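**Student:** Sharing a model prediction with you, sequence too.
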Amino acid sequence: MWGNPDMLNGCANALYALAVAALLYAGVHTVMHSPLLPLRHLELQGDVAHLTREQAERAARAGAVGTFLSVDLDAVRRAFESLSWVRKVEVRRLWPDRILVSIEEHVALARWGVDAQARRLINTYGEVFEGELPGIERLPQFAGPAGSATEVVRRYAAFRQTLAPLQLEPRQVLLSPRYAWQLRLSNGLTLELGRDQFREPMLQRLARFVAFYPQTLGSLNRRLEYVDLRYPSGFALRVPEIALPATESGDTKHKRGRGGAA
């Protein structure tokens, strides 16, 4: 080896490269952890109506550790995303001593789950989250099998649009484990929609109900409880304290009675 100039030169070059790399690493480490570049400010940006000062300070202490250059931005993002009302966080450095945290909060659309006391909420993207909210009982209530939240939100928008001519709102949207739909409207009426079918889509049955409602159910001077829309050419209804024989109206059948019709 000692008599081979090429091998000696190669070893010398390798040692030189290692020395340079070590010096560069030491220099970068020193700069990143230098007290001359402290992290002085953490600035929050965005709609943070539900984020308290205490929560923000706790997340900042947990995530923003180190100097301006050494702080782990992913750690800061994870710390803020762990807060209940925070949906999405973006973090970036602002020279020379600030971290900017941009926060997007959840927008609560409805309660999620069949338990009326549950505090799980669903946002406008169909994402379920935990959150405390004053007056939570005023929100609509959604429920469905695991993984169905996005579909329930999408259908809710379609139900609202279809019911708009009647000035009624769906206050409860339930999707059963068999993927059958049920609505409870703002006037207390329950609509049994059943499963979506290729031959007769669910929204088509609901639209037919909306079209016939003013001339039929809307003209009754009684409180309605339940309407079953699973029939191919009609619907059955239940009205408290009334029992009438089944009648025909055009191509739509309406069965009225205390127990309804199946």
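**Tutor:** Nice, I can see it. If you're wondering where the values come from, they're calculated on a predicted model, not measured in any experiment.

**Student:** Let me see the ranges of the strands in the stretch 101-250 of the chain.
**Tutor:** Counting by DSSP state E, counting those that start in this stretch, one finds strands in the stretch 101-250 of the chain at the ranges 108-112, 120-123, 128-130, 141-143, 170-175, 180-185, 190-195, 226-228, 234-238, 247-249.

**Student:** Can I get the first one as PDB, trimmed to CA atoms?
**Tutor:** Backbone C-alpha positions of strand 108-112 (Å, rounded to 0.1, in the frame of the first residue of the first chain) are rendered in PDB as follows:
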ATOM      1  CA  ALA A 108     -69.700  21.900  12.100                       C
ATOM      2  CA  LEU A 109     -72.600  20.800   9.800                       C
ATOM      3  CA  ALA A 110     -74.400  18.300  12.100                       C
ATOM      4  CA  ARG A 111     -74.200  16.000  15.000                       C
ATOM      5  CA  TRP A 112     -73.000  12.500  14.200                       C
END
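
**Student:** List the contacts of it.
**Tutor:** The contact list for strand 108-112 (Cβ atoms under 8 Å, 6 or more residues apart in numbering) reads 118, 120-124, 128, 131, 133, 136, 139-143, 149, 153, 156, 173. Bear in mind the C-beta positions are built from the backbone N, C-alpha and C, glycine included.

**Student:** can you check the second one too?
**Tutor:** Defining contact as Cβ under 8 Å, 6+ apart, one finds that strand 120-123 is touched by 87, 106-113, 128-131, 133, 136, 139, 142, 149, 152-153.

**Student:** what comes up buried for that strand?
**Tutor:** Within strand 120-123, the residues scored as buried using 16 or more other Cβ atoms under 10 Å are 121-123.

**Student:** could you measure residue 237 against residue 223, distance?
**Tutor:** Taking Cβ to Cβ, to the nearest Å as the measure, residue 237 and residue 223 are separated by 12 Å.

**Student:** What of residue 129?
**Tutor:** Counting by Cβ to Cβ, the gap from residue 129 to residue 223 is 36 Å.

**Student:** Looking at the two, which is more packed in?
**Tutor:** residue 129 (16 against 12; other Cβ atoms under 10 Å).

**Student:** ok, the closest residue to the more buried one other than its chain neighbours - contacts?
**Tutor:** When the adjacent residues along the chain are set aside, residue 129 lies closest to residue 106, with 5.4 Å between them (Cβ to Cβ, 6 or more residues apart in numbering). Residues counted as contacts of residue 106 (Cβ under 8 Å, 6+ apart) are 85-87, 121, 123, 127, 129, 131.

**Student:** Perfect, I'm done here.
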